[in-house]
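Asks: here's a sequence, model it:
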Amino acid sequence: MTKTICKILMVLFFVSCSKDDNTSETNPTQTMYFPPLTGSTWETTSISDLKWNQNAVQPLLDYLELKHSKSFIILVNGRIVMENYFNGHTASTNWYWASAGKTLTSTVTGIAQQENLLNINNKVSQYIGTGWTSEALGKENLITCRHLLTMTSGLDDSKDDVDPANLIYKADAGTRWAYHNVYVKLQDVVAQASGQTWENYFNTKLRDKIGMNGNWVQLGVNSVYTSTSRSMARFGLLMLNKGKWDNNIILNETYFNEATTTSQNINLGYGYLWWLNGKTNYHLPQSQLTFQGSIIPTAPNDMFMALGKNDQKIYVVPSKNMVIIRMGDAADDVNLALSDFDKTLWEKISALYQ
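Replies: Below you'll find the predicted structure:
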């Protein structure tokens with residue numbers, strides 16, 4: 001009898017193991033996936049696999065097309081759930097990130113710090129010399145790399161140009177939050193600290209390590225990144241995984257955590273050039289007003305975001321292992337990084353899984 005019971009238990013054990021193995025094969029969203037660095041291979045998972053609402057797909061696509069989108073991607077655990085292109089855009093077409101690319105500068109600054117090339121707590125002039133602003137030397141020396149990462153340089157934000165003549169004192173560094181193009185000076189800091197051009201360092205330390213394509217182009221006073229939508233999704237996937245690509249640490253987790261949490265006490269919805277959802281209040285560009293509540297109340301509270309002019313978006317949602325990309329023209333006449341488009345878009349996205 002005892003031998004019979006043992007045999008039954010062994011059979012049940014192996015059946016249980018077999019079921020577990022089958023579960024991992026038939027439900028690929030149980031493990032994180034990273035696409036190969038080269039080629040077009042990218043695993044997918046379906047709406048039905050996730051037990052999402054198929055009836056919510058078409059209203060979402062209709063809205064995206066109505067709002068002048070060019071591309072839209074949803075990743076769950078790294079796998080493509082939706083990938084759609086509109087208005088003549090294709091998977092191989094490059095498009096600009098606009099200010100969503102600020103997060104690339106933040107990330108590469110963190111990489112340079114972990115390589116001991118710089119320290120974000122050091123003053124900017126330590127790396128690029130004095131006289132990079134029109135401020136008195138004592139005030140200029142208050143500005144650290146961290147102030148550029150957090151938009152708290154204290155420089156006058158009424159001018160976009162970053163020539164010294166236009167970088168004028170408004171307040172002491174750290175005492176005022178204002179969205180400003182001066183963050184691009186971090187690219188000069190990295191270049192000087194590394195002894196390489198900004199683009200070469202970026203390509204070697206970030207782009208090529210996660211299989212992105214794209215390049216930096218000069219548009220007016222800004223250095224703007226352009227790439228395919230999948231390359232943008234790769235960067236989002238890196239950040240979903242706290243700076244790791246598969247088993248490779250691209251950005252250390254300490255800096256990642258700093259970058260994606262409130263970085264100062266003025267704008268609670270801002271990290272290191274990342275926007276943060278779910279805070280009790282926030283500021284917007286070109287405004288000193290404090291707005292109460294979450295930036296996008298219809299979206300998950302733990303979401304952090306790269307937001308660019310004309311509604312370029314990277315949404316990263318850790319609680320759902322989700323990355324969402326939107327590229328395109330401005331959804332509405334208002335071309336700010338954040339608009340009512342986000343609120344409605346998230347109502348339609350959340351209808352997929354609620």
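Asks: where does the prediction get shaky in this structure?
Replies: 1-29, 334-339 (pLDDT under 70).
Asks: what's near enough to touch the residue positioned nearest the centre of it?
Replies: Nearest to the mean C-alpha position of the chain, by C-alpha atoms, centre = their mean, lies A306 at 4.2 Å. Neighbouring residues of A306 by C-beta atoms under 8 Å, 6 or more residues apart in numbering: W97, S99, A100, G101, K102, T103, G236, W274, W275, Q312, K313, I314. No exception for glycine: its C-beta is placed from N, CA and C like everyone else's.
Asks: wait, is it part of a strand?
Replies: Yes. Secondary structure of A306 (DSSP: H, G, I helix; E, B strand; the rest coil): part of a strand.
Asks: look up which residues are beta-bridged to it.
Replies: For A306, the beta-bridge partners are I314 (DSSP bridges).
Asks: sorry, back to before: what's the farthest-apart pair in the contacts of A306?
Replies: S99 and G236 (15.4 Å; C-beta to C-beta).
Asks: these two: who's more crowded?
Replies: The residue with more neighbours, out of S99 and G236, is G236; 26 against 23, by other C-beta atoms under 10 Å.
Asks: from I74, how far out is the more buried one?
Replies: Computed with C-beta to C-beta, to the nearest Å, the distance linking G236 and I74 is 10 Å.
Asks: quickly list what's touching both of those two.
Replies: By C-beta under 8 Å, 6+ apart, G236 and I74 have these common neighbours: V323, I324.
Asks: alpha carbons only: can I get stretch 119-133 in CSV?
Replies: Output of stretch 119-133 as CSV, limited to C-alpha atoms (Å, rounded to 0.1, in the frame of the first residue of the first chain):
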residue,chain,number,x,y,z
ASN,A,119,29.5,63.5,-10.5
ILE,A,120,26.1,65.1,-10.9
ASN,A,121,26.6,66.9,-7.6
ASN,A,122,29.5,68.8,-9.0
LYS,A,123,29.1,72.3,-10.6
VAL,A,124,28.6,72.4,-14.3
SER,A,125,31.6,74.8,-14.8
GLN,A,126,33.9,72.1,-13.4
TYR,A,127,33.5,70.3,-16.7
ILE,A,128,32.8,73.0,-19.3
GLY,A,129,34.5,76.0,-17.8
THR,A,130,33.2,79.2,-16.4
GLY,A,131,31.3,81.8,-18.5
TRP,A,132,28.8,79.4,-19.9
THR,A,133,26.1,81.7,-18.6
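Asks: which residues in the protein form strands?
Replies: With strands called from DSSP state E, the chain shows them at 69-76, 79-85, 95-96, 215-219, 222-227, 244-245, 248-249, 275-276, 281-282, 291-292, 304-308, 312-317, 322-328.
Asks: wait, which of these is closest to D157?
Replies: Once these are compared by C-beta to C-beta, strand 222-227 is nearest, at 14.5 Å.
Asks: could you check that closest one and say which residues are buried?
Replies: Of the residues in strand 222-227, N222, S223, V224, Y225, T226, S227 count as buried by neighbour count, 16 or more other C-beta atoms under 10 Å.
Asks: closest to D156 out of those?
Replies: Nearest to D156 among the buried residues of strand 222-227, with distances taken as C-beta to C-beta, is N222, at 17.5 Å.
Asks: who does that closest one bridge with?
Replies: Beta bridges link N222 to L219 when assigned by DSSP bridges.
Asks: give me the distance between it and H180.
Replies: 12 Å.
Asks: helices along the stretch 201-350 of the chain, start to end?
Replies: Along the stretch 201-350 of the chain, the segments classed as helices by DSSP state H, counting those that start in this stretch run 229-240, 253-259, 340-353.
Asks: now do the buried residues in the last one.
Replies: It stands for helix 340-353. By neighbour count on 16+ other C-beta under 10 Å, the buried set for helix 340-353 is F341, D342, L345, W346, E347, K348, I349, L352, Y353.
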